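# Output the structure for:
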Amino acid sequence: MSIYETPTAQVEQNGQKFARKGNKTLAVLIGFAVDFGLTIVGSTVATYLVAAMLLKQGVGADQLEQQVALYWPTVMGSPLGYGLMVFGTFTSFLGAYLAARFANDREYVIATVLALISIGFSLGMASPSEGAMHWALSGVGVAVIYLGAYTHVRAKRGGE
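Numbers count the residues shown, from 1 in each chain. Below is the predicted model of the structure:
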């Protein structure tokens, strides 16, 4: 240690380092806000892109909302839709990682709460026409939420 460095202390008991524990409720709210907030932003940007494309093709402004609703299933099967799905999956990972990092304790409990919220929204938004693809993406979303928590736990343990 150099004489110009600030002194530090290692706080340990029985070889275990003490870690700051955050507010778990606030951690869930942060994870939820990041996941769903960024997903909504991504969907809004995609909707504006589709609307701009339809306006460029000559669709009138009075018919725009109806045409976007008709065209949306086609969008979800296009590269833009797949990109939106990847972005939504990334926001689930990021939300879970940040929530686990903020809580810094019982990370998998936080991930379970976030996964239950995600499944609840999936149940509320599901339509019979979406079928198996919707539930497969929900399953991937839950797995990615746990992956976000796992990433933090692994980093906290030094990348074992």
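
# hang on, residue 51 packs against residue 68?
Yes - counting by CB atoms under 8 Å, residue 68 is a contact partner of residue 51 at 5.6 Å. Using the backbone N, CA and C atoms, a C-beta is placed for each residue, glycine as well.

# pLDDT score for residue 52?
Looking at residue 52, its pLDDT is 87.

# and it, how many residues sit next to it?
For residue 52, the neighbour count with other CB atoms under 10 Å is 11.

# cool, and residue 77?
Counted with other CB under 10 Å, the neighbours of residue 77 add up to 10.

# what do you get for residue 91?
Other residues near residue 91 come to 21 when the count uses other CB under 10 Å.

# One more: the one 10 residues further on?
Neighbourhood size, residue 101 [other CB under 10 Å]: 21.

# Same check on residue 102?
Burial of residue 102 is recorded as 20 neighbouring residues (other CB under 10 Å).

# For it, give me its contacts.
Shown in contact with residue 102 (CB atoms under 8 Å, 6 or more residues apart in numbering): 22-23, 26-27, 30.

# how close does residue 95 get to residue 34?
Residue 95 sits 4 Å away from residue 34, going by CB to CB, to the nearest Å.

# the more surrounded of these two?
Per other CB under 10 Å, whichever of residue 95 and residue 34 has more neighbours is residue 95, with 28 against 21.

# The more buried one sits in which helix or strand?
Secondary-structure assignment from DSSP states H and E places residue 95 in helix 79-103.

# which of the contacts of residue 102 count as buried?
Among the contacts of residue 102, those classed as buried by 16 or more other CB atoms under 10 Å are 22, 27, 30.

# and which of those is nearest residue 122?
Here the nearest of these to residue 122, counting by CB to CB, is residue 30; it sits at 20.7 Å.

# Just the buried positions in the helix or strand containing residue 133, please.
Residue 133 belongs to helix 131-156 when assigned by DSSP H and E. By neighbour count on 16+ other CB under 10 Å, the buried set for helix 131-156 is 138, 141-142, 144-146, 148-153, 156.

# and residue 108, what is it in contact with?
Residue 108 neighbours (CB under 8 Å, 6+ apart): 146, 149, 153.
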